[in-house]
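Trainee: task: produce atomic coordinates for the following.
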Amino acid sequence: MKTFSAKPAEVRRDWYVVDATEKIRVTGNKMKDKMYHHHTGYIGNLKSTNLETLLDEAPERALQYAVKGMLPKGPLGRKMFSKLRVFAGPEHSHAAQQPIPLDVNA
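Mentor: Residues are numbered from 1 along each chain as shown. Next up, the predicted model:
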C-alpha cells in the first residue's frame, strides 16, 4: 500500500460560513455545572467560569473550546485550530475570501 500525500497545489482551502445562532444545546445542568478554566500566569490565579456566563460574555469562545477539544492533540491539531475563525453575529471581515454558506440542520 502506498501512503497518499497531498501536494500543496492539490489542497482546496475553501472558506465556509456556519450560522450557529441559538443552536447550542446542552442537557441536564451543564449550563451551570460545566466549568471552563484558564490560568493567568500569576501564582494562584486559576480563573473559572461556567457555560452560562461564557455564552453571555463570549459566545464564540464556547464554540472554540468545543472544536479544540475534538481536534488531535499536538502540532497538527494546533495548526488545524489556527485555521478556525469564529465570530459572534453574522458580520465578519472575510467577504473577500468568498465564503460558502454551510447548512447545518441540528
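
Trainee: nearest residue to the middle of this protein?
Mentor: The centroid of the chain falls nearest to Gln64 when counting by C-alpha atoms, centre = their mean (2.6 Å).

Trainee: what packs against whichever helix or strand it is part of?
Mentor: Here Gln64, judged by DSSP states H and E, is contained in helix 59-70. In terms of contacts (3 or more C-beta pairs under 8 Å, 6 or more residues apart in numbering; DSSP states H and E), helix 59-70 is packed against helix 51-57, helix 75-82. (Each C-beta comes from the backbone N, C-alpha and C, glycine too.)

Trainee: again, 10 Å this time
Mentor: strand 35-39, helix 51-57, helix 75-82 (3 or more C-beta pairs under 10 Å, 6 or more residues apart in numbering; DSSP states H and E).

Trainee: okay, the closest residue to the residue nearest to the centre of the chain other than its chain neighbours: pLDDT?
Mentor: Nearest residue to Gln64, sequence neighbours excluded (C-beta to C-beta, 6 or more residues apart in numbering): Val86, at 5.5 Å. Note for Val86: predicted pLDDT of 91.

Trainee: ok, so what distance separates the residue nearest to the centre of the chain from Thr53?
Mentor: Per C-beta to C-beta, to the nearest Å, Gln64 is found 16 Å from Thr53.

Trainee: quick one: Thr3 is in a strand?
Mentor: No - counting by DSSP: H, G, I helix; E, B strand; the rest coil, Thr3 is located in no strand; its state is coil.

Trainee: rewinding a little: any chance of the helices and strands packed on helix 59-70 in TSV, plus mean neighbour count and distance to Gln97?
Mentor: Output for the helices and strands packed on helix 59-70, formatted as TSV (neighbours: other C-beta atoms under 10 Å; distance: least, C-beta to C-beta, whole Å):
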stretch	mean neighbour count	distance to Gln97
strand 35-39	11	30
helix 51-57	14	27
helix 75-82	11	16
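
Trainee: thank you, goodbye.
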